[in-house]
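J.: Compute the structure for the input listed below.
(chains A, B and C)
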Amino acid sequence: MPELPEVEVVRRGLERWVAGRRIVDVSVPDPRSIRRHSLGVEDFRGNLIGTTVLDVVRRGKFLWMPLSDDPSVSDTPHTALVAHLGMSGQLLVESPEQPHEKHLKVRLSFSSRADAPEELRFVDQRIFGGLFVTSLVPTADGLPGGAGVSDWALIPEEAAHIGRDPLDPHFDIEALHQKLRARKTGIKRALLDQAFVSGIGNIYADEALWAAKMHYARPTETLRRPDTERIIYASRDVMSRALDAGGTSFDSLYVNVNGASGYFSRSLNAYGREGELCHRCEGLGLSTRIRRDTFMNRSSYSCPVCQPKPRNARM
DNA sequence: GAAAGCACCTGACGGC
DNA sequence: TGCCGTCAGGTGCTTT
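T.: This is a model prediction of the structure:
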């Protein structure tokens, strides 16, 4: 599935192929993928056709493209096309002659450019993702909304509540630490809550906790500052390595969110390794095996030795 | 108000 | 071979 590093690869691809281009047509073969655009298909089309994409910005797994009716006027944008890839979404830059994908949901046609295909297609098998047009509002901290070329301190209204992601240069560890201490919940539950920190999904939560030698049910109110730092540094490390790997295999025309290939190329220490030897214990001559627990209706992978369950666990 | 539970969705896979 | 149940999980809404 697309995780934060894959979404960043998509952002860079879109920045190259789509930024600065005018939208000339929009079609929505499956309206379920724009269900977050409450005013419907015609309003969605009307808000896009004739506008120009100014930039491609990302915070966590949210992507947005600030729009302008007249790019010759240097003004801050007011609206944006927002995209979330969900579990299976893909944004593909293709020529109109390319056969339609089985799960094609939305097509955007751009003004022609000699060196670039004219269509951006949103393809989504499981329809957890989607597109919508919304207003941009000022960021709470007055700093740039996310990763992008522009430095507008703006963010889509619907994404304004989410925290910055660990790869964001404006990420504030101390603020996160204080929020975690004030909350009475387990650490993994908090890491998956985008209001605390965005961009961490089930895979990176397990990997970061393994690297930090911390059990997923550790109560957040017991965290010390070095604990929070260990988790964030670990998540940064694993996501940066995944981003590097995604970057090297990046197929620039197909704005690649092939989650499966990217995911399996990573070296994971916990996620999906039930019954396999813990790499860290193995190095110490132990034969501990990774355990899988059901947690939040999902799977949670951990080492029972490196990540012992606390007595005051918050499940 | 905070925290937890659950629905959304479809393809892969295992069991019968 | 075909049917059925289970599983995967990010987000937002509902329930406790």
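
J.: Tell me the residue of the stretch 1-150 of chain A that sits nearest DNA strand C?
T.: Closest residue of the stretch 1-150 of chain A to DNA strand C, C-beta to the nearest atom of the strand: A:Lys61 (3.9 Å). Backbone N, C-alpha and C define where each C-beta goes, glycine included.

J.: can you list the residues of chain A near DNA strand B?
T.: Within chain A, the positions lying close to DNA strand B (C-beta under 7 Å from any atom of the strand) are A:32, A:87, A:102-103, A:125-128, A:183-186, A:189, A:296-297, A:314.

J.: What is the burial count for the residue of the stretch 1-150 of chain A closest to DNA strand C?
T.: 27 (other C-beta atoms under 10 Å).

J.: Now tell me which helix or strand of chain A has the poorest mean pLDDT.
T.: Lowest mean confidence among the helices and strands of chain A (mean pLDDT, DSSP states H and E): helix A:259-265, at a mean of 48.

J.: got the buried residues for stretch A:175-185?
T.: A:176-177, A:179-180, A:183, A:185 (16 or more other C-beta atoms under 10 Å).

J.: Please disregard the earlier target; I meant stretch A:32-41.
T.: So for stretch A:32-41, counting by 16+ other C-beta under 10 Å, buried means A:33-34, A:37.

J.: First-to-last residue distance for it?
T.: 10 Å (C-alpha to C-alpha, to the nearest Å).

J.: same question for stretch A:16-30, mean pLDDT?
T.: Mean per-residue pLDDT for stretch A:16-30: 94.

J.: Return the set of buried residues in it.
T.: A:17-19, A:21-23, A:26, A:28.

J.: Also stretch A:267-278?
T.: A:268-271, A:273, A:278.

J.: which among these gets closest to DNA strand C?
T.: A:Tyr271 (6.9 Å).

J.: so that closest one touches A:Ser302, yeah?
T.: No - applying C-beta atoms under 8 Å as the test, A:Tyr271 and A:Ser302 come out as separate, 9.8 Å apart.

J.: list residues touching both of the two?
T.: Counting by C-beta atoms under 8 Å, 6 or more residues apart in numbering, the contacts common to A:Tyr271 and A:Ser302 are A:Asp206.

J.: Now A:His279. Nearest residue, chain neighbours left out?
T.: Using C-beta to C-beta, 6 or more residues apart in numbering and skipping the chain neighbours, the partner closest in space to A:His279 is A:Asn269 (5.3 Å).

J.: That neighbour contacts A:Leu209, doesn't it?
T.: No - using C-beta under 8 Å, A:Asn269 is not in contact with A:Leu209; the gap is 10.2 Å.

J.: Near A:Met214, how many other residues are there?
T.: Counted with other C-beta under 10 Å, A:Met214 comes out at 22.

J.: I'd guess A:Ala190 is in a helix, am I close?
T.: Yes - according to DSSP: H, G, I helix; E, B strand; the rest coil, A:Ala190 belongs to a helix.

J.: That one and A:Leu63, how far apart?
T.: 24 Å (C-beta to C-beta, to the nearest Å).

J.: again with A:Asp244
T.: 20 Å.

J.: Which one's more surrounded, the two?
T.: A direct count of neighbours by other C-beta under 10 Å for A:Asp244 and A:Leu63 places A:Leu63 higher, at 28 against 10.

J.: dump the residue contacts of that one.
T.: By C-beta under 8 Å, 6+ apart, the neighbours of A:Leu63 are A:7, A:10-11, A:14, A:56-57, A:82-85, A:91.

J.: any idea whether the residue nearest to A:His279 is helix, strand or coil?
T.: With three-state DSSP as the criterion, A:Asn269 reads coil.
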